[in-house]
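K.L.:
need a structure here:
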Amino acid sequence: MIGIPIDPIERFAALLVEAQALERDLLPEPTAFALATVDGRGHPSVRVLLLKGVDDGGFVFYTNLESRKGRELRAHPAAAMCFHWQPLETQVRVEGITTPVAKVVADAYFASRQRGSQLGSWASLQSQAIDPPGELERRMEKLEREYEGKPVPRPAHWSGFVLMPRRIEFWKNRANRLHDRHLYERTPEGWTLSTLYP
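P.N.:
Numbers count the residues shown, from 1 in each chain. The predicted model follows:
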């Protein structure tokens with residue numbers, strides 16, 4: 001199709017750069033996206049995360065593996081992402097299969113995080129009930145003492161996933177609800193592109 005990029009990853013990366021160039025008061029967190037997972041009964045769950053990388057290998061994000069999303073992704077790796085950049089009047093939907101990132105990749109990213117976030121990854125029993133009240137703060141204080149003056153290692157329960165897309169849809173707002181919708185689907189030969197009715 002004339003004028004439409006043939007590579008959806010390159011198209012997404014260009015849009016992300018455009019979103020990141022916006023003023024923070026217009027778009028405070030351009031890497032934010034909604035991630036949908038499903039449990040063994042087919043019940044969906046969605047939450048907002050931050051994208052930490054994208055290339056031909058897929059879309060990368062990190063989490064506690066014992067969190068609800070971590071457990072669901074390990075049991076049922078199909079997932080969907082949605083980016084919504086309101087100032088650009090643009091939405092990108094991504095569907096695919098997740099796989100864990102390599103340990104060396106997770107180690108390198110964990111080492112780049114702020115120290116408080118590193119300690120917080122140890123302190124939080126993500127998605128579990130806090131009992132008694134104040135236990136999270138006590139766990140954090142204990143870890144601060146334990147690792148004082150020392151590097152904080154990556155917990156085994158904290159790592160990342162890469163979502164390899166099989167479908168990517170770009171939506172652009174237009175007048176009279178005649179929105180642009182371009183759907184890319186991965187085939188063994190590469191990406192196919194179609195335009196959908198809004």
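
K.L.:
what's L193 sitting at in phi/psi?
P.N.:
Backbone geometry at L193, expressed as degrees, to the nearest 10, gives phi -130, psi 130.

K.L.:
quick one: the strands in the chain, in order.
P.N.:
32-38, 44-50, 53-55, 58-64, 78-85, 90-100, 158-172, 180-187, 190-195 (DSSP state E).

K.L.:
out of the ones you listed, which comes closest to Q128?
P.N.:
Evaluated over the strands of the chain, closeness to Q128 peaks at strand 58-64, with 10.0 Å, by Cβ to Cβ. No exception for glycine: its C-beta is placed from N, CA and C like everyone else's.

K.L.:
parallel or antiparallel, which strands does that closest one pair with?
P.N.:
strand 53-55 (antiparallel), strand 158-172 (antiparallel) (DSSP bridges).

K.L.:
just put those strands in TSV and tack on distance to P77, mean pLDDT and mean neighbour count.
P.N.:
As requested, the strands paired with strand 58-64 are exported to TSV (distance: least, Cβ to Cβ, whole Å; pLDDT from 0 to 100; neighbours: other Cβ atoms under 10 Å):
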stretch	distance to P77	mean pLDDT	mean neighbour count
strand 53-55	18	96	15
strand 158-172	8	98	20
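
K.L.:
among those strands, which is nearest T98?
P.N.:
Closest among those, using Cβ to Cβ: strand 158-172, at 4.4 Å.

K.L.:
just the CA coordinates of the closest one, formatted as PDB?
P.N.:
Below are the C-alpha coordinates for strand 158-172, written out as PDB (Å, rounded to 0.1, in the frame of the first residue of the first chain):
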ATOM      1  CA  TRP A 158      12.400 -11.300  39.000                       C
ATOM      2  CA  SER A 159      13.000 -11.400  35.300                       C
ATOM      3  CA  GLY A 160      11.600 -10.300  31.900                       C
ATOM      4  CA  PHE A 161       9.500 -11.500  29.000                       C
ATOM      5  CA  VAL A 162       9.700 -10.700  25.300                       C
ATOM      6  CA  LEU A 163       6.500 -10.700  23.300                       C
ATOM      7  CA  MET A 164       7.000 -11.900  19.800                       C
ATOM      8  CA  PRO A 165       4.100 -10.300  17.800                       C
ATOM      9  CA  ARG A 166       2.000 -12.300  15.400                       C
ATOM     10  CA  ARG A 167      -0.500  -9.400  14.900                       C
ATOM     11  CA  ILE A 168       0.100  -5.600  15.200                       C
ATOM     12  CA  GLU A 169      -2.700  -3.100  14.500                       C
ATOM     13  CA  PHE A 170      -2.200   0.600  14.200                       C
ATOM     14  CA  TRP A 171      -5.300   2.800  14.800                       C
ATOM     15  CA  LYS A 172      -5.400   6.500  14.000                       C
END
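
K.L.:
off-centre distance for that strand?
P.N.:
Here strand 158-172 is found 8 Å from its chain centre; the criterion is Cα atoms, centre = their mean, to the nearest Å.

K.L.:
done for today, thanks.
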